[in-house]
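Undergrad: sequence first, predicted coordinates after that:
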Amino acid sequence: MSSLKAMLDKKKKARFVGREYEVSEFMQELSMHDFEDHRIFSYYGIGGVGKTEFSKELQRRINPLSKYRFTSINFEIKKHRTMEEALIFMRQELGKKYKMPFTLFDIAYVIYLKNIDPKTVINEKSIPFIEESSIIMEIISATSGVTMISIPKIIELVYRRMDKLLNASRREMIEDFKNMDNIELFELLPYIFAEDIRAYIEKHHSHFIFFLDAYEALWEEKREHYDVDHWIRILVEAMPYSVWVITGREPLDWIQYEDEWKDRIIPIPLDNLSDTETFHLCSSLGVGDSEIQHVIYENSGGHPFSITLAIDLYKQIKDSGRKPEVSDFIDQKTPQKLVKRLLLYITNSEKQLLEYLALANTWNISLFHAVVSNFRIFMNEENHQNITQFSFIREIGENQWEMHQLMRKCLKHTQSEEKLSKGHNFLHMYYKNQLHKDLIYSDPNYASSILHEAFYHGYQLVGMKEFNKKEFIDWFSKLDEKFLNSGKNYLTLPMLETLIDDLEKSNDEIKLEYLSILIYDLAYIHMWELLNYDEAERLFKEALQLRLNYYGENHLYTAKSYYGLATLYHRQGKKDRSEELYIKSLDIRERLCGEGDNIAVALSANGLAKLYQDNGDYEKAEELYKRSLEIRLSQVNMNYEKIVLAKNNLISCYQEMGKYELATELIDEVLTIIKEHLSSQKLEWHKAQTYLAILTAKDKHFEKAISILDEVEEYYKNYYGETHIRVGDILHNKALIYALRNETILAIDFMEKAIEIKSRINGLNKAFDKRIGFKKSTIMLEYIKLKKLAYEDCKFDF
């Protein structure tokens with residue numbers, strides 16, 4: 001069969017839905033609806049019953065020239081399961097189909113990206129809807145081109161041109177967006193999306209229909225049910241003038257949240273196809289033998305997935321050169337049996353490939369080549385193209401495919417434990433081998449998607465007892481630490497929570513030991529990256545209690561928990577509690593660590609030194625910093641990243657003590673180490689450059705210092721995002737150097753920007769954070785305004 005013929009047959013099959021009664025009822029309801037209140041059609045049925053194709057059929061019936069505007073989203077595609085990605089997708093689709101402007105949403109999203117997204121250059125990756133965005137394209141067309149404009153520049157141009165482009169009401173809304181912290185703005189995105197829809201309806205008198213498919217997929221790998229679809233209820237609530245068609249395995253149960261939903265939701269079951277519909281489907285796809293049609297219906301019970309598998313079987317038998325007979329279909333009453341029968345009529349290579357692809361969540365052509373190469377399957381890309389014509393395989397993106405979940409389940413069922421183990425092991429190693437430190441540092445978002453796949457297949461092996469759980473967690477923890485060092489540890493949160501959930505439900509010997517480790521790591525993410533101090537404190541205390549119960553007071557893991565809590569209290573400015581726990585941690589580590597295994601002592605000494613430095617007790621700080629550095633330098637296998645960090649801390653202490661020559665000597669050493677041993681670590685290089693700029697300013701080389709900080713600021717904005725605390729630190733330092741140059745106006749401007757960033761972060765935490773240095777910046781601002789600032793008075797951010 002030619003690939004074109006196969007494709008045409010596949011499209012015919014996909015378009016046959018049956019269920020004419022349900023379709024007609026929907027179209028009648030639609031014609032009678034006044035679109036002044038919510039109307040939600042909840043179509044539900046078992047897996048494989050044809051809900052997706054039914055939804056597509058409803059969309060095909062809507063006249064494209066009518067007043068109706070519609071878009072659809074399928075939650076089987078993982079990317080669409082988050083509020084942000086789903087809204088962007090729907091915005092993009094409506095923009096393409098109807099040339100709809102989403103002025104408020106586009107500007108709000110760009111402001112949101114400006115605050116948190118490290119990809120600050122305008123392109124299709126950072127703003128997928130860029131081509132459909134009339135306001136952004138209008139601004140870009142007046143400048144030098146898409147690739148040359150940063151997101152901050154777009155924001156600046158929007159503010160300049162608001163009077164010309166927007167009415168007073170919308171200008172006021174955008175001013176509100178500008179002044180919000182990112183959590184508030186993120187929570188408003190559904191309402192902003194709805195406001196643009198409302199404005200379009202008001203102008204064009206259109207009606208909107210939203211199709212949401214595979215609703216149950218939202219809960220895949222999710223432990224908390226309420227939050228998963230909360231944003232959808234918000235969006236529906238915000239658009240009472242729209243119709244929603246939601247398909248899933250269960251009827252919507254929103255009444256558990258609010259009784260008002262009862263009168264708005266119409267639950268409609270989608271049962272199996274009737275005998276007439278089954279015969280029609282068979283005939284339309286070449287199965288004309290009425291006896292075979294009857295057997296297919298009797299065996300399938302009208303279940304669409306089973307019917308299409310039977311039709312695939314019919315075609316494979318026919319393509320093999322034999323006429324299909326009734327006996328080929330007798331007793332094939334389950335999808336598993338149909339699959340087993342189908343596999344008899346495809347080549348051995350095709351069978352092998354399908355079995356391995358069934359283990360993958362999705363695949364691309366690269367994975368296809370890797371599978372056929374590793375398992376010596378004699379297939380090429382043309383063979384792969386033929387495979388993708390099966391009814392149970394769907395293209396979900398450019399060069400990306402997935403297999404129907406029921407088919408995956410059936411194909412797994414046909415395989416031996418040994419073969420499943422080989423497949424998952426290969427896929428685990430395939431993704432694992434793509435993970436390296438440089439990738440995690442250069443593209444942490446992509447690296448996390450690779451880690452998710454490696455984790456998934458490794459976790460399957462753990463469940464099959466083919467991968468020791470302890471070794472699996474150790475493997476994950478090492479990679480997790482690299483994400484921590486990259487500043488993007490939050491990307492590993494779902495995997496960390498999966499492991500915690502697994503251990504909490506298990507009776508494994510390693511339960512208490514590893515549960516305390518993972519909960520501690522989770523606490524660190526909440527403290528360092530999510531800035532959720534209340535949750536961090538709860539988790540640190542939970543980990544500490546587990547360790548006290550399991551190890552007792554005098555143990556290195558217990559000392560580590562004291563250290564974590566001390567760090568949290570330090571960040572919150574709780575000096576006394578922080579000092580007490582740092583000292584407790586240091587004492588335990590000093591007593592228990594041997595001479596050759598005292599890195600933990602270096603950590604506690606360093607934390608306590610930072611606290612003393614912040615308190616102005618420089619002699620104590622210097623002594624502890626030196627001790628920490630000596631320990632690092634005494635190791636047989638030197639960790640140059642940590643040595644650089646230890647030297648940087650001592651540099652900052654010397655600078656504040658006025659020991660500038662010692663600080664300058666150390667910065668030269670740091671830059672040499674980075675060049676010789678950490679050439680790929682651009683983050684470490686830029687941190688060191690900050691210290692160099694501060695020391696350069698001491699000798700009144702202000703222009704050079706500012707030039708260095710400009711470069712560091714640009715790098716931090718690209719790496720961390722526009723409103724990260726590191727950017728605030730650089731702005732603080734630039735303000736002080738401009739003040740030393742007697743450029744007071746510029747100095748005030750930079751310091752106020754630094755304070756704005758720090759105040760937002762303080763506002764998120766509702767707790768004073770000593771490390772963020774909000775108070776330091778406000779004090780320095782007053783010095784700048786008084787024009788009484790010498791270098792010795794400057795409190796720089798290191």
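TA: Perfect, I can see it now.
Undergrad: strands of the stretch 501-650 of the chain, start to end?
TA: Taking DSSP state E, counting those that start in this stretch, the stretch 501-650 of the chain contains no strands at all.
Undergrad: flag every buried residue along the host helix or strand of Glu661.
TA: Applying DSSP states H and E as the criterion places Glu661 in helix 660-677. Burial within helix 660-677, assessed by neighbour count using 16 or more other C-beta atoms under 10 Å, is assigned to 662-664, 666-667, 670-671, 673-674, 677. Placement of C-beta: from N, CA and C, glycine included.
Undergrad: closest to Glu237 among those?
TA: Distance to Glu237 across those (C-beta to C-beta) is lowest for Ile674, with 53.3 Å.
Undergrad: roughly how far apart are that closest one and Lys437?
TA: Ile674 sits 15 Å away from Lys437, going by C-beta to C-beta, to the nearest Å.
Undergrad: in the stretch 251-400 of the chain, what residue spans correspond to strands?
TA: 265-269, 393-397, 400-403.
Undergrad: so where's the stretch 601-750 of the chain shaky on pLDDT?
TA: The model of the stretch 601-750 of the chain has pLDDT under 70 over residues 680-681.
Undergrad: show me what the one helix or strand Glu684 maps to is packed against.
TA: Assessed by DSSP H and E, Glu684 sits inside helix 682-698. For helix 682-698, the packing partners by 3 or more C-beta pairs under 8 Å, 6 or more residues apart in numbering; DSSP states H and E come out as helix 640-657, helix 660-677, helix 702-719, helix 725-740.
Undergrad: I'd like these as a markdown table, with distance to Lys775 appended.
TA: Converted to a markdown table, the helices and strands packed on helix 682-698 look like this (distance: least, C-beta to C-beta, whole Å):
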| stretch | distance to Lys775 |
| --- | --- |
| helix 640-657 | 16 |
| helix 660-677 | 24 |
| helix 702-719 | 22 |
| helix 725-740 | 12 |
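Undergrad: closest to Trp254 out of the ones you listed?
TA: Once the helices and strands packed on helix 682-698 are compared by C-beta to C-beta, helix 725-740 is nearest, at 39.3 Å.
Undergrad: for the closest one, packing partners?
TA: Helix 725-740 packs on helix 682-698, helix 702-719, helix 744-765, helix 774-786, going by 3+ C-beta pairs under 8 Å, 6+ apart.
Undergrad: how far off centre is it?
TA: 31 Å (C-alpha atoms, centre = their mean, to the nearest Å).
Undergrad: output it as PDB, restricted to C-alpha atoms.
TA: Taking C-alpha atoms only, helix 725-740 is exported to PDB below (Å, rounded to 0.1, in the frame of the first residue of the first chain):
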ATOM      1  CA  ILE A 725      18.300  39.000  43.100                       C
ATOM      2  CA  ARG A 726      21.600  38.600  41.300                       C
ATOM      3  CA  VAL A 727      20.600  41.400  38.900                       C
ATOM      4  CA  GLY A 728      19.500  43.500  41.900                       C
ATOM      5  CA  ASP A 729      23.000  43.000  43.400                       C
ATOM      6  CA  ILE A 730      24.700  44.200  40.200                       C
ATOM      7  CA  LEU A 731      22.400  47.300  40.000                       C
ATOM      8  CA  HIS A 732      23.300  48.000  43.700                       C
ATOM      9  CA  ASN A 733      27.000  47.900  42.900                       C
ATOM     10  CA  LYS A 734      26.700  50.000  39.800                       C
ATOM     11  CA  ALA A 735      24.800  52.600  41.800                       C
ATOM     12  CA  LEU A 736      27.600  52.900  44.300                       C
ATOM     13  CA  ILE A 737      30.300  53.300  41.600                       C
ATOM     14  CA  TYR A 738      28.200  56.000  39.800                       C
ATOM     15  CA  ALA A 739      27.900  57.700  43.200                       C
ATOM     16  CA  LEU A 740      31.700  57.600  43.600                       C
END
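Undergrad: that older thread, which of the helices and strands packed on helix 682-698 sits most buried?
TA: helix 725-740 (a mean of 24; mean count of other C-beta atoms under 10 Å).
Undergrad: excluding chain neighbours, what is closest to the spatially most central residue of the chain?
TA: Most central in the chain under C-alpha atoms, centre = their mean is Leu491, positioned 6.0 Å from the mean C-alpha point. Closest residue to Leu491 apart from its sequence neighbours, by C-beta to C-beta, 6 or more residues apart in numbering: Ser448 at 3.7 Å.
Undergrad: which ones are touching that neighbour?
TA: Ser448 makes contact with 483, 488, 491-492, according to C-beta atoms under 8 Å, 6 or more residues apart in numbering.
Undergrad: same check, this time on Ile62
TA: Per C-beta under 8 Å, 6+ apart, neighbours of Ile62: 68, 70, 209.
Undergrad: those in strands, which ones?
TA: 68, 70, 209 (DSSP state E).
Undergrad: returning to that earlier point: the residue nearest to Leu491 falls within a strand, correct?
TA: No: applying DSSP: H, G, I helix; E, B strand; the rest coil, one finds Ser448 to be helix, outside a strand.
Undergrad: quick revisit: single out the most deeply packed of the helices and strands packed on helix 725-740.
TA: helix 682-698 comes out most buried of these by mean count of other C-beta under 10 Å, with a mean of 21.
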